[in-house]
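Student: Give me coordinates for this.
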Amino acid sequence: MSRLGTLRRRILPLILMTSAVGCDWGSKPALPPAHPFKGVTLVIAAVGDPAVLPTLSAQRGEWSANRGGEITIREKPVAPRSAEAKQADLLLFRGDRLGELVDAGLLLDLPESLVRPPAAPESPESTNEGETSAEAPPDPLRYSDVVPAYRDQVTKYGNVRLGLPYGGTALVLVYHRDAFEGDANRTAAKEAKLELKPPETWEQLDALAKFFQGRDWNQDGKPEAGITLALGPDPEGLGEATYLARAASLGQHHDQYSFLFDADTMAPRIDTPPFVEALEKHSALKASGPSGVESFDAGAARRAFAERKAAILIDRAERAGSWGDGKAIGVAPLPGSERVFDPARQQFETSTAPNRPAYLPDGGGWLVAVCTAAAGPKREAAMDFAKYLVTPEVANRVRADPAFPILPVRTSLIGQGPADSRASLGVDPRQWSDAVSRTLQAPRVVPGLRIPDTAGYLADLAKGRAAALQGESAQAALQGVARAWTARSEQRGLKRQLWHYRRSLNSLTTSPQPPPP
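Tutor: A predicted model of the protein is given here:
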């Protein structure tokens with residue numbers, strides 16, 4: 001046999017062996033194990049409203065089937081400093097509890113890599129012209145789809161990401177379209193030199209409410225009211241949120257980060273001119289509401305609007321399913337103010353366009369966070385499950401769950417209109433999407449207070465609002481609120497509360513840790 005034949009006979013088995021075991025040239029990367037968290041059990045608890053738990057329970061099955069881990073959900077809500085909270089691996093909570101959880105040391109700082117798209121694998125060097133680089137792997141989280149206010153503000157405390165957005169909330173203005181579009185109403189409005197369209201300013205809203213008050217705007221032979229609001233004691237907090245949204249347009253200056261407190265001293269701003277004026281005008285709206293509106297909570301306000309007793313309502317966008325019975329309903333962003341108070345100069349100034357910051361109640365909505373108690377494989381599994389809960393597919397299922405109305409914070413889902421089209425029959429889906437989008441993506445977004453004892457501060461404000469509705473001057477009522485806030489801050493430790501307030505604004509310098517209690 002020739003030397004060439006002998007060489008071929010020796011090399012061929014080597015080639016076949018290499019082909020059998022594979023090689024690195026162009027091979028696909030190894031897939032992760034099918035059940036990477038097998039044997040891991042995560043404990044999840046909710047802080048606050050337990051009504052959110054069914055939406056969470058419905059999502060755990062798919063993750064467990066694919067990832068191998070088990071999920072235990074505590075049926076009852078936990079207190080931030082309880083033993084149950086300290087033993088949890090993940091917490092689900094409203095953003096207004098964030099400072100309280102930070103103060104208790106329960107939340108893990110989340111790495112930014114958690115929300116970054118997967119990087120494309122490096123392609124081998126090549127001199128071939130026109131060769132493309134390797135494609136990036138799929139990005140199941142698609143975090144860039146989350147609106148910036150939730151990506152960069154609501155989920156952060158200072159410059160640290162402490163949670164992922166489970167769902168949001170936002171206030172919108174809702175109105176019966178026949179009141180604004182009826183020929184008789186348009187004729188009467190023209191005579192009154194009033195334009196029937198969604199108001200750009202709060203003063204225009206006041207004028208519209210007064211115009212519709214006592215008018216048979218729906219042509220049913222009976223006079224109706226102009227506006228319905230949650231003016232009375234309101235466990236849902238819609239009353240305080242509506243008032244603070246109006247105050248924000250007057251008191252949130254574009255050159256200032258602070259809103260409710262002075263960010264250098266923690267002195268309350270709640271008794272300063274913009275808040276006093278907002279409470280005076282807010283309380284005066286009871287004259288344009290249905291009988292007994294001064295005692296309405298959120299539910300009563302919604303019922304009065306759905307029963308067509310009032311032309312206008314201010315409500316949470318996610319409650320669209322409770323607004324009507326199929327007749328046409330319009331939706332718009334809340335109004336703004338042509339005047340805004342500059343706290344540095346202690347005077348109002350006029351804006352070229354309405355000052356329209358978006359106030360988000362409840363600290364912005366619901367967050368899911370990984371706890372410091374989660375360690376080792378549990379921590380990795382907890383981060384994986386947290387990411388799973390905010391993926392587009394799960395977020396779509398959560399928003400569609402009728403058990404707990406919640407607002408999506410992804411642009412793609414907001415554009416689809418209200419979640420339950422049957423329950424919200426008559427609500428203009430395009431107007432709803434536009435109003436929510438303009439609110440959540442406003443140039444200036446103000447998440448509601450989220451420092452320790454936020455509930456206590458808001459309870460003090462509720463008492464002041466009630467006093468003003470009962471006849472006490474807005475100035476005196478809010479001075480009482482300011483005194484209560486100062487006492488509350490001093491009781492908890494003024495320097496520590498100031499650290500939390502500055503931290504919650506996300507834009508001011510703070511030390512990494514708060515002063516001692």
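
Student: which helices and strands does the strand or helix carrying residue 240 pack with?
Tutor: Assigned by DSSP states H and E, residue 240 belongs to helix 238-251. Applying 3 or more C-beta pairs under 8 Å, 6 or more residues apart in numbering; DSSP states H and E, we find helix 238-251 packed against strand 171-176, helix 273-284, helix 298-306, strand 310-316, strand 337-342, strand 347-355, strand 358-360, helix 454-469. Just so you know, the C-beta spots here come from the backbone N, C-alpha and C atoms, and that holds for glycine as well.

Student: Dump these to a markdown table, plus distance to residue 55, mean pLDDT and mean neighbour count.
Tutor: Conversion of the helices and strands packed on helix 238-251 to a markdown table gives the following (distance: least, C-beta to C-beta, whole Å; pLDDT from 0 to 100; neighbours: other C-beta atoms under 10 Å):
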| stretch | distance to residue 55 | mean pLDDT | mean neighbour count |
| --- | --- | --- | --- |
| strand 171-176 | 22 | 98 | 24 |
| helix 273-284 | 33 | 98 | 21 |
| helix 298-306 | 20 | 98 | 21 |
| strand 310-316 | 16 | 98 | 26 |
| strand 337-342 | 36 | 96 | 21 |
| strand 347-355 | 35 | 92 | 13 |
| strand 358-360 | 20 | 98 | 26 |
| helix 454-469 | 22 | 98 | 20 |
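
Student: out of these, nearest to residue 410?
Tutor: strand 358-360 (15.6 Å; C-beta to C-beta).

Student: mind exporting the helix or strand just after that closest one as PDB, just the C-alpha atoms?
Tutor: Sequence order places strand 365-370 as the next helix or strand after strand 358-360, per DSSP H and E. Taking Å, rounded to 0.1, in the frame of the first residue of the first chain, the C-alpha atoms of strand 365-370 are listed here in PDB:
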ATOM      1  CA  GLY A 365     -48.200  51.200  42.600                       C
ATOM      2  CA  TRP A 366     -47.200  47.700  43.300                       C
ATOM      3  CA  LEU A 367     -43.600  46.400  43.400                       C
ATOM      4  CA  VAL A 368     -42.000  43.000  43.900                       C
ATOM      5  CA  ALA A 369     -38.600  42.900  45.700                       C
ATOM      6  CA  VAL A 370     -36.000  40.300  46.800                       C
END
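
Student: Quick check: which helices or strands does the next helix or strand after strand 365-370 pack against?
Tutor: Under the assignment DSSP H and E, the closest C-terminal helix or strand after strand 365-370 is helix 377-389. Judged by 3+ C-beta pairs under 8 Å, 6+ apart, helix 377-389 is in contact with strand 41-47, helix 60-67, strand 90-94, strand 164-168, strand 365-370.

Student: Quick one, which of those gets closest to residue 158.
Tutor: The nearest among the helices and strands packed on helix 377-389, by C-beta to C-beta, is strand 365-370 at 14.7 Å.

Student: Return the list of strands paired to the closest one, each annotated with direction.
Tutor: strand 90-94 (antiparallel), strand 164-168 (antiparallel) (DSSP bridges).

Student: Show residues contacting that strand.
Tutor: 52, 89-95, 98, 101, 107-108, 110, 150, 154-155, 162-169, 379, 382-383, 386, 389-390, 406-407, 409 (C-beta atoms under 8 Å, 6 or more residues apart in numbering).

Student: Next, the buried residues of it.
Tutor: 365-370 (16 or more other C-beta atoms under 10 Å).

Student: what's the average pLDDT for it?
Tutor: Summarised as a single mean, pLDDT over strand 365-370 is 98.

Student: Now list the buried members of the contacts of strand 365-370.
Tutor: 52, 89-95, 98, 101, 107-108, 110, 150, 154-155, 162-169, 379, 382-383, 386, 389-390, 406-407, 409.
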